[in-house]
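S.K.: return a 3D structure for these sequence lines:
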Amino acid sequence: MLGTINELATEYEMCRKTITRLWKEVQKQRENNNTAINLNNKRVGIQAPNKIQLDEEKFKSIKFELKGIQHSVAKKMEVSQSTVCRWKKDRVIRKHTNTIKPTLNDNNKLHRLSLALSKLQYDEHIDTLKFKPHTNIVHIDEKHFYLTRESQTYYLALSEVEPHRESQSKRFIPKIMFMCAVANPIFLTNRDVFFDSKIEIWPFITQEPAKRSSKNRKKGNWRPNQYNQ
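M.R.: So this is what the prediction gives:
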């Protein structure tokens, strides 16, 4: 018996304990009068749970207003948020950033088309259309700036004193508006700058006398321009 187990272990390149276990299994099945001997591995091991597949029709039926965050999508699909993350990772669903578009009627579209065509001119030398140089056009735009921010990062020396900033309200920080006018730069034949395209920038500010006396100023005195600090 021992010699047979050693021979089988050498032939099948297995350890003696495995051969002994299989031998005992064969003897047990023979005692139960089993005609077919079954030596399949009975080890179950770790089985991964079945992944939840996306129900595309149910997903399409969800309103767009409820597809903004993963939590609402998971709630409507009756799955966990990790399942939604896996769908996105497996590219079953995709992330889309949607921007609002202007409402244009036929007159607006014609006006835009005529404006674009007015910027073109015909060049006889190369027999094609090209954009006008726009050297006689001034572009004007305005921009709002906050005087400060609620949280600001500074890099200070070890012995430097931290700055102290104050505001009456952190939610309603005063803003200032600037209007800027620029144009197309003009260069001479030797590439010297004749006009650098910068015209001017104007701040929109107002100064008014104090309506009532306070610790800062008396009634009727002009307020200092805080926007030029």
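S.K.: pretty sure residue 203 is in a strand, no?
M.R.: Yes: Residue 203: assigned to a strand according to DSSP: H, G, I helix; E, B strand; the rest coil.
S.K.: wait, it touches residue 178, no?
M.R.: Yes: under the criterion of C-beta atoms under 8 Å, residue 203 makes contact with residue 178 at 5.4 Å. The C-beta positions use only the backbone N, C-alpha and C, and glycine is treated the same way.
S.K.: how much space between residue 75 and residue 67?
M.R.: With distances taken as C-beta to C-beta, to the nearest Å, residue 75 is found 11 Å from residue 67.
S.K.: helix or strand right after the helix or strand bottoming out on mean pLDDT in the chain?
M.R.: Counting by mean pLDDT, DSSP states H and E, the chain has its least confident helix or strand at helix 2-12, which shows a mean of 80. Downstream of helix 2-12, the next assigned helix or strand under DSSP states H and E is helix 16-31.
S.K.: for that following helix, give me every contacting residue.
M.R.: With contact meaning C-beta atoms under 8 Å, 6 or more residues apart in numbering, helix 16-31 is reached by 5, 6, 8, 9, 12, 37, 38, 39.
S.K.: those residues, buried ones only, as a ChimeraX selection?
M.R.: Applying 16 or more other C-beta atoms under 10 Å to these leaves a buried subset, and the ChimeraX line that selects it is:
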select :5,8,9
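S.K.: most widely separated two among the contacts of helix 16-31?
M.R.: 6 and 38 (24.9 Å; C-beta to C-beta).
S.K.: at which residues are the helices of the chain located?
M.R.: Using DSSP state H, the helices of the chain run over 2-12, 16-31, 56-60, 70-77, 81-89, 106-118.
S.K.: how far out from the middle of the chain is the fifth one?
M.R.: Taking C-alpha atoms, centre = their mean, to the nearest Å, one finds the center of helix 81-89 at 17 Å from the center of the full chain.
S.K.: give me the angle between that helix and helix 70-77.
M.R.: In terms of direction (axes from the mean of the first three to the mean of the last three C-alpha atoms, to 10 degrees), helix 81-89 departs from helix 70-77 by 100 degrees.
S.K.: ok, now which ones touch residue 152?
M.R.: residue 165.
S.K.: quick one: it from residue 32, how far?
M.R.: 83 Å.
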